[in-house]
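In: predicted model, plus sequence, below.
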Amino acid sequence: MLTQSSTRVLEPADLGAALAVLDSAPVENAFVTARVQLAGLDPWRLGGEMWGWYTDGHLTSLCYSGANLVPICATPEAVRAFAERARRTGRRCSSIVGPAAPTAELWRLLEPSWGPARDVRAHQPLMVADAPSVTVAPDPLVRRVRKDEMETIMPACVAMFTEEVGISPLSNDGGLLYQARAAELVGSGRSFARIEDGKVVFKAEIGAATRQACQIQGVWVAPEHRGRGLSETGMAAVLAYALADVAPLVSLYVNDYNVPARAAYRRVGFQEVGAFMSVLF
């Protein structure tokens, strides 16, 4: 056991201690917790390293370093240690994302060596609901996407990603990894859509799921159908599915400049409880 403040790469034997840290903030940490519960701490299975910060021999903060760099329950001292390790290893991630305050400090320390970023989204409200909507009726046509509907759902997934992130998910490997992830969500019953005449009108996924909380992502309405309230009724439907089948807390985070989406989510019943930040490369 470490006897002073220090950081190291965690090993499979550290799984229990890492899960204890993750479980201390189940909504904020849902994305990483889901990955760790599925894959453990082996870097090959996890898709990256988990760095741990120890104070007086106790694990108190984490940082996931994979396709994303994610500070977890990170104290200011831990953030400085994670930034130093990240500078030494060099940038391998496509984004830094996490709770706004530690992520902002992490980026401040890394920007001189890692910058400039393609985009910085400094305030992304984190929203949570723990009950079905009482103000918006769920869209009865929103349902789970079937495995034989991959060709139908993929164009909508690509359009959503390109619109949200600013680049196509097909640009690097032809979309193989992105399509595999979409297929995983469909196969696990966590992809939802309203499909009319073979085209997606509304879609959303439950991208991360733990026993305590889950996170909705990829909310999208086809441009020609916007302005009809379909995001509200669609989200009410996905929220009902999530609460009934997945977890007692349902979360999402949204760009602060997307005022219509924030208002729609509030009408469905989501409340803002914090904020994330994303740095995109």
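Out: Alright, I've got the coordinates.
In: quick one: buried residues of stretch 191-198?
Out: 191, 192, 193, 194, 195 (16 or more other C-beta atoms under 10 Å). For glycine as for every other residue, the C-beta is placed from the backbone atoms N, C-alpha and C.
In: stretch 80-88 now?
Out: Applying 16+ other C-beta under 10 Å to stretch 80-88 flags 80, 81, 82, 83, 85, 86 as buried.
In: separation between the fifth one and residue 51?
Out: This points to residue 85. 6 Å (C-beta to C-beta, to the nearest Å).
In: mutual contacts of those two, please.
Out: Both residue 85 and residue 51 are contacted by 7, 63, under the criterion C-beta atoms under 8 Å, 6 or more residues apart in numbering.
In: returning to that earlier point: tabulate the buried residues of stretch 191-198 in a markdown table, adding columns for pLDDT.
Out: Converted to a markdown table, those look like this (pLDDT from 0 to 100):
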| residue | pLDDT |
| --- | --- |
| 191 | 98 |
| 192 | 98 |
| 193 | 98 |
| 194 | 98 |
| 195 | 98 |
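In: next, residue 207: phi, psi?
Out: phi -80, psi -30 (degrees, to the nearest 10).
In: surely it touches residue 215?
Out: Yes - Residue 207 lies in contact with residue 215 (C-beta atoms under 8 Å); the separation is 5.6 Å.
In: once you drop chain neighbours, what's closest to residue 51?
Out: residue 63 (4.4 Å; C-beta to C-beta, 6 or more residues apart in numbering).
In: point out where this structure drops to low pLDDT.
Out: Scanning the chain with the threshold set as pLDDT under 70 gives 1-5.
In: need the nearest residue in space to residue 76, chain neighbours excluded.
Out: That would be residue 105: by C-beta to C-beta, 6+ apart, it lies 6.7 Å from residue 76.
In: from what I can see the one you found touches residue 79, true?
Out: Yes - at 4.9 Å, residue 105 and residue 79 qualify as touching, with contact defined as C-beta under 8 Å.
In: more neighbours: those two, which one.
Out: residue 79 (23 against 18; other C-beta atoms under 10 Å).
In: show me where the stretch 101-250 of the chain has its helices.
Out: 150-165, 176-187, 230-245 (DSSP state H, counting those that start in this stretch).
In: can you add mean neighbour count and give those back as a markdown table?
Out: Compiled in a markdown table, the helices of the stretch 101-250 of the chain are given as follows (neighbours: other C-beta atoms under 10 Å):
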| stretch | mean neighbour count |
| --- | --- |
| helix 150-165 | 17 |
| helix 176-187 | 16 |
| helix 230-245 | 22 |
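In: what's around residue 141, how many residues?
Out: 15.
In: how much space separates it from residue 200?
Out: For residue 141 relative to residue 200 (C-beta to C-beta), the value is 11 Å.
In: joint contacts of the two?
Out: Shared contacts of residue 141 and residue 200, counting by C-beta under 8 Å, 6+ apart, come down to residue 194.
In: give me the element the closest residue to residue 109 other than its chain neighbours is part of.
Out: Nearest residue to residue 109 in three dimensions, chain neighbours excluded: residue 83, at 3.7 Å (C-beta to C-beta, 6+ apart). Using DSSP states H and E, residue 83 sits within helix 76-89.
In: thank you kindly, that will do.
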